[in-house]
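**Q** got a sequence here, can you model it:
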Amino acid sequence: MRRCLNLTLAGAAACFVVGCATQSKPTVTSGRRIPNVRTTAYTHLEGGSGHHNALGEYLSGRHVLSAASDWSRYPLGTRFRLADTSEEYVIDDYGAALIGTDTIDLYKASRLDVKRWGVRHVDIDILQWGSDEQSLKVLAPRCKHHCARQMAAAIQKKKGKTVAQSSPAHTSL
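**A** Predicted structure coming up:
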């Protein structure tokens, strides 16, 4: 009886310990590390960027941080982690200076943080690739602007389509 009670208590203690254990960060789902990615930094205090990302939501400086890129290289919704700092970012913005580059612009809360970051080449772990379709959906109404038009054309080219193929055909009845 005493042995049964000891085993029960040991089992309960083990369950308690396992239940209280902290969960580890999510693993790299795509298993892809991209080495030597050029990164810069920006803040909402800079002219033109404001407090909102390309989706109209507030730039995030909390758990998952906002980042900007050329969406034809890193599509909207791409989640990644900086290998050195373990900070997680999501691509939810773009900028004209990023078009045609492999640079990722990381959101920072202050000008001082932007200055401290400077330009760095870092390894990133892709946690989840974003969506070309979602990128195009957001860019479509903005194609009157040169940078949005360039990104949309590059995404369509990457997908094996041309801009003309993706626009609706005008037929007369």
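**Q** pLDDT weak spots in this protein?
**A** 1-31, 45-53, 55-63, 161-173 (pLDDT under 70).
**Q** ranges for the helices of it?
**A** Here the chain has its helices, by DSSP state H, at 2-20, 111-117, 132-139, 146-158, 163-166.
**Q** now do the buried residues in the second one.
**A** With burial defined by 16 or more other Cβ atoms under 10 Å, the residues of helix 111-117 counted as buried are residue 114. Heads up, the C-betas are built off the backbone N, CA and C, glycines and all.
**Q** packing partners for that helix?
**A** When contacts are defined as 3 or more Cβ pairs under 8 Å, 6 or more residues apart in numbering; DSSP states H and E, helix 111-117 packs onto strand 32-42.
**Q** alpha carbons of the strand it packs on, as CSV, please.
**A** Output of strand 32-42 as CSV, limited to C-alpha atoms (Å, rounded to 0.1, in the frame of the first residue of the first chain):
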residue,chain,number,x,y,z
ARG,A,32,15.1,27.3,-43.9
ARG,A,33,17.9,29.5,-42.6
ILE,A,34,18.8,32.4,-44.9
PRO,A,35,22.3,33.6,-44.2
ASN,A,36,23.7,37.1,-44.5
VAL,A,37,20.4,39.0,-45.0
ARG,A,38,20.9,42.8,-45.2
THR,A,39,18.8,44.5,-42.6
THR,A,40,18.1,48.1,-41.9
ALA,A,41,15.7,49.7,-39.3
TYR,A,42,12.9,52.2,-39.4
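**Q** and residue 41, what does it touch?
**A** Contacts for residue 41 were tallied using Cβ atoms under 8 Å, 6 or more residues apart in numbering; they are 105, 106, 107, 108, 113, 114, 117, 118.
**Q** ok, the fifth one touching residue 43?
**A** This means residue 113. Yes. Contact criterion Cβ atoms under 8 Å: residue 113 and residue 43 qualify, at 7.1 Å.
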